[in-house]
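Visitor: Sequence first, predicted model second:
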Amino acid sequence: RGRGETAATKLETVKQVKDALAAQRREQETQTLPVQFSTTKALSPGDLEAMQDYVRAEGLAKTVKGALLEARLIDWPSPGSAAVSTGVVLGMVVGVTLVVTGINLGLSTAAESLFPS
């Protein structure tokens, strides 16, 4: 009988802990923050001040301040890295254009040979 009471007590303790965790989770889900920012770099005092200005702004000013703030928080690539990435993209565009043009020319020539006018 003593053993059964211990198991029941443990079961009740586990239930209480689960209930407490569930209540805490519900409370966290219902809390809403007015604005959340996600960034991968450390925030400077100027960044924090810009965030506060954004939160206080309204209408078009809020939209403009939000866009400027997002641009400020972006971890921009170096000019060299951006140039390399741009070169790769432009090279791929030119390469694909040449391949598609070649296929088009080949099919056009084949169609003219098969179906003379």
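Guide: Looks like it arrived, so ask away. Residues are numbered from 1 along each chain as shown.

Visitor: Now do the helices in this protein.
Guide: Taking DSSP state H to define them, one finds helices in the chain at 2-30, 45-56, 59-73, 79-114.

Visitor: Mind putting the ones you listed into JSON lines with mean pLDDT?
Guide: Shown next, in JSON lines, are those (pLDDT from 0 to 100):
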{"stretch": "helix 2-30", "mean pLDDT": "77"}
{"stretch": "helix 45-56", "mean pLDDT": "82"}
{"stretch": "helix 59-73", "mean pLDDT": "84"}
{"stretch": "helix 79-114", "mean pLDDT": "97"}
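
Visitor: May I see these organised as JSON lines, with mean neighbour count added?
Guide: (Each C-beta comes from the backbone N, C-alpha and C, glycine too.) Shown next, in JSON lines, are the helices of the chain (neighbours: other Cβ atoms under 10 Å):
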{"stretch": "helix 2-30", "mean neighbour count": "9"}
{"stretch": "helix 45-56", "mean neighbour count": "13"}
{"stretch": "helix 59-73", "mean neighbour count": "13"}
{"stretch": "helix 79-114", "mean neighbour count": "10"}
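
Visitor: residues contacting Ala20?
Guide: Not one residue lies near Ala20 by Cβ atoms under 8 Å, 6 or more residues apart in numbering.

Visitor: err, Ala61, not the other one
Guide: For Ala61, no residue meets the contact criterion (Cβ under 8 Å, 6+ apart).

Visitor: Relative to Ala8, how far out is it?
Guide: Distance of Ala61 to Ala8, given as Cβ to Cβ, to the nearest Å: 62 Å.

Visitor: Also Glu58?
Guide: Plainly put, Glu58 is 58 Å away from Ala8 if you go by Cβ to Cβ.

Visitor: swap in Lys18?
Guide: Plainly put, Lys18 is 16 Å away from Ala8 if you go by Cβ to Cβ.

Visitor: do the same with Glu70
Guide: 56 Å.

Visitor: Same check on Thr109?
Guide: Distance, Thr109 to Ala8, using Cβ to Cβ: 87 Å.

Visitor: can you give me how far stretch 18-31 is from the chain middle?
Guide: Distance of stretch 18-31 from the chain centroid (Cα atoms, centre = their mean, to the nearest Å) equals 26 Å.
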